[in-house]
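Participant: Here's a sequence, model it:
(one chain, ligands or ions: 1)
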Amino acid sequence: MTMKIGILTGGGDCPGLNGAIKWVTKTALDPRLVAKRFISFEVTGIADGWRGLVEVDPTDPKSRDRYLRHLDEEVVRTWDRYGGTNLGTSRTNPFNPQNDRSEKLIENIKKLGIDVLVVLGGEDTLGVAYKLHKLGIRTVGIPKTIDNDLMGTEYSLGFDTAVNVIMEEIDRLRTTAGSHGRIFVVETMGRHAGWLALHGGECSGAYIILIPEYPFDIDRVCELLRERRGREIKYSIIVASEGAKPEGQQELLRNGKIDDFGHPTLGGIASYIATEIEKRTDFESRSLILSHLQRGGSPSANDRLMARRFGMTAVDMIINEDFGRMVSLVRGEITSVPLKEIVDKLKLVDVEKYYDKERYNGRRSIL
Ligand code: F6P
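Facilitator: Down below sits the predicted model:
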């Protein structure tokens with residue numbers, strides 16, 4: 001029996017996607033495993049996420065060339081070293097009630113002869129995979145998002161690389177912050193969950209960390225800064241998640257744009273905080289948005305390893321007919337969870353467990 005795997009990446013790109021695609025392909029096509037499994041696979045990469053699968057015209061060779069890519073060992077050999085996604089991505093939502101293209105999507109999956117879809121994405125993209133699963137399409141999910149806010153898994157591809165970028169950039173900032181004796185407010189990604197800011201700030205030794213889960217009082221921020229004065233500390237680093245908000249206020253929006261899944265573009269909290277600090281104290285403050293740098297570059301060692309393990313597990317799941325599920329990491333072990341359990345909710349920072357509400361930082365007691 002031969003099965004055709006279609007594989008796509010959706011939502012924001014991140015390092016680790018290419019590695020997962022490589023390992024799905026290599027594991028599926030591994031000649032030694034083919035002999036043992038009594039099942040062989042073909043792997044087709046779909047360009048630009050759900051948009052590609054909606055827009056491809058299966059009867060038009062030009063369109064097939066544009067949106068479909070035959071994947072084999074030769075094609076994917078070096079992919080694990082590179083960040084981004086070689087398949088391209090989009091934030092297209094085929095089930096968007098304002099422009100529902102789900103019929104076309106299902107028709108194309110059938111016309112292309114795709115037996116199972118491997119979907120690499122965050123909550124939005126995997127939410128589409130779950131809807132398809134309910135409509136009878138075989139799907140397997142692989143978690144990715146630098147925000148690491150997917151339920152049902154301790155790890156999502158891209159997070160470790162992004163935390164490393166935050167740490168490296170803060171290391172760089174320290175020399176200039178120290179030379180001028182300035183406050184630097186660094187804005188990380190993380191729309192709803194503060195994992196990036198918390199882990200990035202903790203491993204950088206940031207003085208203050210502000211996360212979406214715990215609205216902050218700007219006067220308390222200034223008080224904490226003043227407490228350091230006279231202790232021979234010339235500068236301070238504040239890390240703020242893009243979704244961090246002052247008490248009683250909403251997140252800051254970068255523009256009025258809303259994506260296909262209904263998310264606004266956030267941005268500007270670091271600049272807001274730096275301005276407020278200058279208004280309320282005599283500390284000179286600067287701000288910086290790390291933005292998409294956090295999603296760029298090549299994957300860290302951990303992202304390469306996790307991409308490999310997640311990719312291989314996705315193929316195991318296909319063989320075991322574990323459809324409608326997502327590969328996951330639970331208590332350090334690779335397993336899988338039903339997509340049903342991970343949609344329409346997010347894994348937020350447990351403030352009581354991990355956050356020091358007085359110091360605005362990670363907690364100093366673990367047990
Ligand atoms: O994928 C999640 C994320 O990285 C968020 O942290 C961020 O708010 C958003 O994507 C940015 O999206 P875009 O790449 O569309 O600007």
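Participant: how near is the residue of the chain found nearest the ligand to residue 301?
Facilitator: Minimum separation of the chain from the ligand (C-beta to the nearest ligand atom) falls at residue 12, amounting to 2.8 Å. No exception for glycine: its C-beta is placed from N, CA and C like everyone else's. Distance from residue 12 to residue 301, counting by C-beta to C-beta, to the nearest Å: 22 Å.
Participant: didn't residue 236 look like it was pressed against residue 209?
Facilitator: No. Residue 236 is not in contact with residue 209 according to C-beta atoms under 8 Å; the separation is 11.6 Å.
Participant: Look at these two and report which has more neighbours.
Facilitator: Higher neighbour count among residue 236 and residue 209: residue 209, with 29 against 22, using other C-beta atoms under 10 Å.
Participant: Quickly find the element holding the residue lying closest to that one once chain neighbours are set aside.
Facilitator: Sequence neighbours aside, residue 201 is the residue nearest to residue 209 in space, at 3.7 Å (criterion: C-beta to C-beta, 6 or more residues apart in numbering). Assessed by DSSP states H and E, residue 201 sits inside helix 195-204.
Participant: buried stuff in that helix?
Facilitator: For helix 195-204, the neighbour count (16 or more other C-beta atoms under 10 Å) marks 195, 196, 197, 198, 199, 200, 201, 202, 204 as buried.
Participant: Get me the contact residues on the chain for the ligand.
Facilitator: Neighbours of the ligand within the chain, by C-beta under 6 Å from any ligand atom: 11, 12, 122, 145, 146, 147, 189, 190, 191, 242, 266, 295.
Participant: Please work out the angle formed by the directions of the longest helix that the chain contains and helix 195-204.
Facilitator: Counting by DSSP state H, the longest helix found in the chain is helix 159-180. Between helix 159-180 and helix 195-204, the angle comes out at 50 degrees (axes from the mean of the first three to the mean of the last three C-alpha atoms, to 10 degrees).
Participant: Pull out the buried positions in helix 159-180.
Facilitator: Within helix 159-180, the residues that count as buried by 16+ other C-beta under 10 Å are 159-167, 169-170, 173, 177.
Participant: Quick one: the strands in the stretch 151-300 of the chain, in order.
Facilitator: 183-188, 208-210, 236-241, 253-258, 264-266, 285-289 (DSSP state E, counting those that start in this stretch).
Participant: List the neighbouring strands of the last one plus their orientation.
Facilitator: Spelled out, that is strand 285-289. Under the criterion DSSP bridges, strand 285-289 sits next to strand 183-188 (parallel) in its sheet.
Participant: which outside residues touch the strand it pairs with?
Facilitator: Contacts to strand 183-188, defined as C-beta atoms under 8 Å, 6 or more residues apart in numbering, come from residues 162, 166, 169-170, 173, 177, 196-197, 200, 206, 225, 235-242, 267-271, 273-274, 277, 283-291, 294.
Participant: quick one on the thing from earlier: may I see the buried residues of helix 159-180 arranged in TSV, with distance to residue 77 and pLDDT as well?
Facilitator: Compiled in TSV, the buried residues of helix 159-180 are given as follows (distance: C-beta to C-beta, whole Å; pLDDT from 0 to 100):
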residue	distance to residue 77	pLDDT
159	26	98
160	23	98
161	21	98
162	26	98
163	28	98
164	25	98
165	26	98
166	31	98
167	30	98
169	32	98
170	35	98
173	38	97
177	43	96
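Participant: Helix or strand with the lowest mean pLDDT in the protein?
Facilitator: When each helix and strand of the chain is scored by mean pLDDT, DSSP states H and E, helix 31-37 comes last, with a mean of 87.
Participant: and the longest helix of the chain, what other elements does it pack with?
Facilitator: Contact analysis of helix 159-180 by 3 or more C-beta pairs under 8 Å, 6 or more residues apart in numbering; DSSP states H and E lists strand 183-188, helix 195-204, strand 236-241, strand 285-289, helix 301-319 as its packing neighbours.
Participant: what about those, which gets the closest to residue 116?
Facilitator: For residue 116, the closest of the helices and strands packed on helix 159-180 is helix 301-319, at 5.4 Å, according to C-beta to C-beta.
Participant: I'd like the next helix or strand past that closest one.
Facilitator: Note on helix 301-319: by DSSP H and E, the next helix or strand toward the C-terminus is strand 325-330.
Participant: in the next helix or strand after that next one, what's buried?
Facilitator: Counting by DSSP H and E, the next helix or strand C-terminal to strand 325-330 is strand 333-338. In terms of neighbour count (16+ other C-beta under 10 Å), strand 333-338 has its buried residues at 334, 336, 337, 338.
Participant: One more: stretch 317-337?
Facilitator: Neighbour counts over stretch 317-337 (16+ other C-beta under 10 Å) mark 317-319, 322-329, 334, 336-337 as buried.
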